[in-house]
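Undergrad: Give me coordinates for this.
(2 chains)
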Number of protein chains: 2
Amino acid sequence: MQNNNKITPRKLSGFMELMPEKQIIFDNMRDKIQKVFSRNCFSPLDTPVLELANVLLAKSGGEIDKEIYHFYKGDTEVAMRYDLTVPLARFVAMNYDKLTFPFKRYQIGKVYRGEKAQKGRFREFYQCDADIIGNEQLPIVADAECVNLIYEVFNELNFDVTINVSNRNILFGLVENLGYKDLTMDVLTVLDKLPKIGKDTAKDWLKEYGLNENAINTLIEVCSLCGESDFILNKVSVLANNETYNKGVSELKELFGYIKAFGITNAVLNLGIIRGQNYYTGTIFETYMNGHPEFGAICAGGRYDNLAEYYTDKKLPGVGMSIGLTRLFDQLDSHNMLGESNLNITELEIIPLGDTITHCLELSTYFKSQDIVCEVNYDTRSFKAKLREADKKKIPYILVVGENEVASGTYSLKDMTKGEQYNLSKEECAEIIKNK
Amino acid sequence: MQNNNKITPRKLSGFMELMPEKQIIFDNMRDKIQKVFSRNCFSPLDTPVLELANVLLAKSGGEIDKEIYHFYKGDTEVAMRYDLTVPLARFVAMNYDKLTFPFKRYQIGKVYRGEKAQKGRFREFYQCDADIIGNEQLPIVADAECVNLIYEVFNELNFDVTINVSNRNILFGLVENLGYKDLTMDVLTVLDKLPKIGKDTAKDWLKEYGLNENAINTLIEVCSLCGESDFILNKVSVLANNETYNKGVSELKELFGYIKAFGITNAVLNLGIIRGQNYYTGTIFETYMNGHPEFGAICAGGRYDNLAEYYTDKKLPGVGMSIGLTRLFDQLDSHNMLGESNLNITELEIIPLGDTITHCLELSTYFKSQDIVCEVNYDTRSFKAKLREADKKKIPYILVVGENEVASGTYSLKDMTKGEQYNLSKEECAEIIKNK
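TA: Alright, predicted model coming up:
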């Protein structure tokens, strides 16, 4: 290949790639989420990005959705994971005998979906998942632990959110009570779309399915209930009466008891949330950013009866939550909500003047021993250019080291925020920077 | 698909997947490496796992090595990254105008090579890379910064290592001086294998290439030089005299001056290290675990003249280092060297007796507010079974909460290490656990 025959450097569309300043903010968010998972005693898991295609796609009987990245390597058909739940199911089924239940694990990793590229949709994106898996049974307190995890995560991120909680048995039981059990999934699909299509359209659609007016009004009414749990549970407890419905009501009562015990202040009972996916069987939750309904649910999850039914006869009920971090970050970014905080990590830049670089390296070792993040700027640009650049990068302190400074052991420390300059020993400089 | 028609849960061979206890240790190592990169002012970068195949494989003119995972998604041929250097080159070439040079970046991520599966070789593995990229030029102090990074990383990991440093210009110049310039790459390939094949075989091979005995002896002699830099540089400075050779000697002199300034105590000049890859053009380094030569180089890198020549006419010299973390972890694990330290993160387990779970959740919120990592064990197993398990998991403290405890506000705290038990208020418990 000839050297002047260059390949244009491009990346695939739909793949986020951040410039360093934004990557620092992204990593900071990811680290905070991880910290909360970890301090709540969830264990880390790091499954491979590639899985055997027939194992990954067990649910669909090996049929491959066009979104899935899959290919043959030799004779083996492999596929890239499209979520972190299927790999968790595979892992738990494989290692059932070695695990202690309830098994609490978190995984933060990239997943792949070859969706049509469009704004705000990514083909490679981070999911931050935490799940609790029981063996045969799992008490409702696990669901509360999950809600608490969400509460702590968004506190740590300093986001103003509301955690909406419901239980699918309420609507399952209600539809059954109204006499339309066979239409349950159709009815829920319409109700799931309610916020988007509005009451009138929803009513029309439900009418088309053959529901009577009373049933339709009751369903729409129930889906609009959102607020303090005791109040709403009192209100709805008389609306229907069958095993499923009563289970939903009593599980919610128990759950909100625990939610109060945890001291969670921003969880509401919202009977209007549905979660499209069929596999949720009890508690469900969706978290919204207050004042930003356009973000959609920034964190969601719920209870499922059987995690790994495609791999094992063991009954493994679970409850989990997931944050689509790449999408959330992108939304915050496009709304200028990433925060103004100075996330540049450099606290001190040392600029050598003349032949003082060796001394500057010694100084950098000293400052690092004092837990100060510092670097020596050995670039060949002019002193002025370096100052301008340090200012642009919002580096708070600059140490100028010329030959006089080396001889005297006294250095000029520039406080870039105050625009002041001091002549100090290295120990005095460290003291000032640390006490900033 | 029938429910009793289970798919056997398997993972692909050659893909590491750790159980939680080991994953905690792995993550701990990864976090320490990242911390050192970050506090040395390297910026994080997170390029996609998938790249356009013709961009990723620009170097080979689009020819695809059989190790590469590649496939078509629609009409687009994509490939999974096999290292982090090519994506860095692509990124820097793409964003040249937006970056400030020298550009210091780190990336810790998984890369993919479909090698033949064998013990200690992985098809998916973490690389931890840090590089400094200059614009047109990059001073030797950058190489020293890289050596210092390696020094700090292994200090942070508490590994006893030796950093071997050399400069390829020494052997380039020496071979030229001996009159075999055309055979340079052949000679270096033999010398690279020297530790494996031994002196006698190496001599035979070099003889076959047509080298005379004096030249062979000189080369073997130089490759055996390893130790304090001043001593060795004095010794070799008279061995040859040409531009390349002298450049090697003077760059090493300058580099070791900086290495001393940084206070690095475990770097030696070892003229026997070669680094197989052709793209290193000056400084090279290999780090070995003391007492464990069988691990091979656990970290390596060096200086290259031109990072992104396949994408841009800009000359971008760089220096970088890389740790193959997955392999290193596997080696440590198989030598029982992962450390005995208690890496279980749970400090306190709260066990409810009777109907006290709500109170236990309140207590857990209190203890977490005191920065104590705690969890409530709401499993249905017997109290004895829970104690056994907590002991196995090396949880240091257990709080037993029965109905009497709830009423009195005094709890039994078991110190699992000492085998003692105290009756205390929650504040007193927190005090003890924090001061452990």
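Undergrad: Touching the longest helix seen in chain A from outside, list them.
TA: With secondary structure taken from DSSP state H, chain A has its longest helix at helix A:184-208. Contacts to helix A:184-208, defined as C-beta atoms under 8 Å, 6 or more residues apart in numbering or on different chains, come from residues A:171-172, A:175-176, A:180, A:209, A:211, A:213, A:215-216, A:219-220, A:223, A:272, A:274-276, A:278. All C-beta spots, glycine's among them, are computed from the backbone N, C-alpha and C.
Undergrad: Could I get the average pLDDT for that helix?
TA: In this model, helix A:184-208 has a mean pLDDT of 94.
Undergrad: And the most centrally placed residue in chain A, how close does it get to residue B:337?
TA: Centroid-nearest residue in chain A: residue A:323, 2.8 Å away (criterion: C-alpha atoms, centre = their mean). For residue A:323, the distance to residue B:337 (C-beta to C-beta, to the nearest Å) stands at 36 Å.
Undergrad: now the contacts of helix A:184-208: which count as buried?
TA: A:171-172, A:175-176, A:180, A:211, A:215-216, A:219-220, A:223, A:272, A:274-275 (16 or more other C-beta atoms under 10 Å in any protein chain shown).
Undergrad: what residues does the stretch 301-436 of chain A put near chain B?
TA: By the rule C-beta under 8 Å from any C-beta of the partner chain, the part of the stretch 301-436 of chain A lying against chain B is A:308-313, A:345-346, A:357-359, A:361-362, A:364-365, A:368, A:373-376, A:378-380, A:389, A:393.
Undergrad: In contact with residue A:55, which residues?
TA: Residue A:55 sits in contact with A:90, A:311, B:7-11, where contact means C-beta under 8 Å, 6+ apart.
Undergrad: Mind splitting chain A into its structural domains?
TA: The record's domain parsing of chain A by automatic domain parsing lists A:20-47+A:84-334, A:348-434.
Undergrad: Would you pull up the residue in the stretch 51-200 of chain A closest to chain B?
TA: residue A:71 (3.3 Å; C-beta to the nearest C-beta).
Undergrad: Was I right to think that residue contacts residue B:77?
TA: No - between residue A:71 and residue B:77 there is no contact under C-beta atoms under 8 Å: 10.7 Å.
Undergrad: After the one helix or strand residue A:387 maps to, heading C-terminal, what element do we hit next?
TA: Residue A:387 is part of helix A:383-392 when elements are defined by DSSP states H and E. Going down the chain from helix A:383-392, the next helix or strand is strand A:397-401, by DSSP H and E.
Undergrad: so of the contacts of residue A:55, which ones are in helices?
TA: residue A:90.
Undergrad: which of the contacts of residue A:55 tops the neighbour count?
TA: residue A:90 (28 neighbours; other C-beta atoms under 10 Å in any protein chain shown).
Undergrad: ok, which residues in the stretch 101-250 of chain A are in contact with chain B?
TA: Counting by C-beta under 8 Å from any C-beta, the stretch 101-250 of chain A sits next to chain B at A:101-102, A:105, A:110, A:112, A:114, A:124, A:137, A:139, A:141-142, A:144-145.
Undergrad: Would you mind naming the residues that bridge with the closest residue to residue A:422 other than its chain neighbours?
TA: Leaving aside its sequence neighbours, residue A:422 sits nearest to residue A:413 (C-beta to C-beta, 6 or more residues apart in numbering or on different chains; 5.0 Å). Note on residue A:413: beta-bridge partners by DSSP bridges are residue A:399, residue A:422.
Undergrad: Compare the residues of the stretch 101-250 of chain A next to chain B and tell me which has the most neighbours.
TA: Counting neighbours by other C-beta under 10 Å, the top entry in these is residue A:144, with 29 neighbours.
Undergrad: contacting residues around the helix or strand hosting it?
TA: Here residue A:144 is covered by helix A:141-156, with elements defined by DSSP H and E. Here helix A:141-156 makes contact (C-beta under 8 Å, 6+ apart) with A:32-33, A:35-37, A:40, A:42, A:102, A:130, A:132, A:134, A:161, A:163, A:165, A:251, A:255, A:258-259, A:261-262, A:264-267, A:282-283, A:285, A:287, A:299, A:301, A:303, A:319-321, A:323, B:357, B:361, B:376, B:378.
Undergrad: Give me the buried positions along it.
TA: A:141-154, A:156.
Undergrad: can you count the residues close to residue A:195?
TA: Residues lying near residue A:195 (other C-beta under 10 Å) number 14.
Undergrad: er, residue A:83 actually
TA: Neighbours of residue A:83 (other C-beta under 10 Å): 14.
Undergrad: sec struct for the closest residue to residue A:406 other than its chain neighbours, please.
TA: Computed as C-beta to C-beta, 6+ apart, the closest residue to residue A:406 that is not its neighbour in sequence is residue A:359, at 4.7 Å. Following DSSP: H, G, I helix; E, B strand; the rest coil, the label given to residue A:359 is helix.
Undergrad: Next, the contact list for residue A:359, please.
TA: Taking C-beta under 8 Å, 6+ apart, one finds A:352, A:401, A:406, B:261 in contact with residue A:359.
Undergrad: The helix or strand hosting residue A:222: how far from the chain's middle?
TA: Taking DSSP H and E as the criterion, residue A:222 maps to helix A:213-223. Averaging C-alpha positions (C-alpha atoms, centre = their mean, to the nearest Å) puts helix A:213-223 34 Å from its chain's average.
Undergrad: for the lowest-mean-pLDDT helix or strand in chain A, packing partners?
TA: Between all helices and strands in chain A, the lowest mean by mean pLDDT, DSSP states H and E belongs to helix A:383-392, at a mean of 89. The contact analysis (3 or more C-beta pairs under 8 Å, 6 or more residues apart in numbering or on different chains; DSSP states H and E) places helix A:383-392 against strand A:348-352, strand A:397-401.
Undergrad: now the first one: mean pLDDT?
TA: Mean pLDDT, taken over the full extent of strand A:348-352, equals 95.
Undergrad: go on, the last one?
TA: Per-residue pLDDT values over strand A:397-401 give a mean of 95.
Undergrad: Pull out the buried positions in that strand.
TA: A:397-401.
Undergrad: do stretch A:64-84 as well
TA: Neighbour-count burial for stretch A:64-84, counted by 16+ other C-beta under 10 Å, picks out A:68-71, A:73, A:77-82, A:84.
Undergrad: contacting residues around that stretch?
TA: Here stretch A:64-84 makes contact (C-beta under 8 Å, 6+ apart) with A:47-54, A:56-57, A:87, A:107, A:109, A:111-115, A:127, A:129, A:322, B:12, B:50, B:69-73, B:78, B:114.
Undergrad: chain center to stretch A:414-427, what's the gap?
TA: Using C-alpha atoms, centre = their mean, the offset of stretch A:414-427 from its chain centre is 40 Å.
Undergrad: Now it: buried residues?
TA: Buried, per 16+ other C-beta under 10 Å, within stretch A:414-427: A:414, A:416, A:424, A:426.
Undergrad: export those to JSON lines and tack on secondary structure?
TA: As requested, these are exported to JSON lines (three-state DSSP):
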{"residue": "A:414", "secondary structure": "strand"}
{"residue": "A:416", "secondary structure": "coil"}
{"residue": "A:424", "secondary structure": "strand"}
{"residue": "A:426", "secondary structure": "helix"}
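Undergrad: For residue A:230, give its distance to residue A:144.
TA: When distance is defined by C-beta to C-beta, residue A:230 is 16 Å away from residue A:144.
Undergrad: Before we move on, what's the pLDDT of the residue nearest to residue A:406?
TA: 95.
Undergrad: ok, of the contacts of stretch A:64-84, which come out buried?
TA: Looks like these have A:47-54, A:56-57, A:87, A:107, A:109, A:111-114, A:127, A:129, A:322, B:12, B:50, B:69-71, B:73, B:78, B:114 buried, using 16+ other C-beta under 10 Å.
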